[in-house]
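Participant: Sequence first, then the predicted structure:
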Amino acid sequence: MPKKIKNQLVFSDAKFAAVLLDQLLGDATLRKKMGASGHDYWKNNFTWEKIVLKYESLYLNQSA
């Protein structure tokens, strides 16, 4: 999404965002693909098992 940055403030293009959302609403295949992609990303990065491994890795690397 295009952004305009001025004085460290970020401004989004609301009209462009509306066009993208309208396209997404009209494309069931894309919605399904995005949903599956989001679920896969969660499953690979944010389950408790994955989080525990990341904390354990941080702890072990700090202790060395």
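Facilitator: Sure, I can see it.
Participant: ok, Lys15 to Asp22 distance?
Facilitator: 11 Å (Cβ to Cβ, to the nearest Å). In this view, the C-beta of every residue, glycine as well, is placed from N, C-alpha and C.
Participant: I meant to write Lys54 there.
Facilitator: 38 Å.
Participant: again with Thr47
Facilitator: Counting by Cβ to Cβ, the gap from Thr47 to Asp22 is 33 Å.
Participant: One more: Asn44?
Facilitator: Counting by Cβ to Cβ, the gap from Asn44 to Asp22 is 30 Å.
Participant: In the lengthiest helix in the chain, which residues are buried?
Facilitator: For the chain, the longest helix by residue count, based on DSSP state H, is helix 28-45. Buried residues in helix 28-45, counting neighbours by 16 or more other Cβ atoms under 10 Å, are absent.
Participant: Give me the contact list for that helix.
Facilitator: 23-24, 50 (Cβ atoms under 8 Å, 6 or more residues apart in numbering).
Participant: from those residues, which ones fall inside helices?
Facilitator: Counting by DSSP H, the contacts of helix 28-45 place 23-24, 50 in helices.
Participant: Before I go, just wanted to say thanks for your time.
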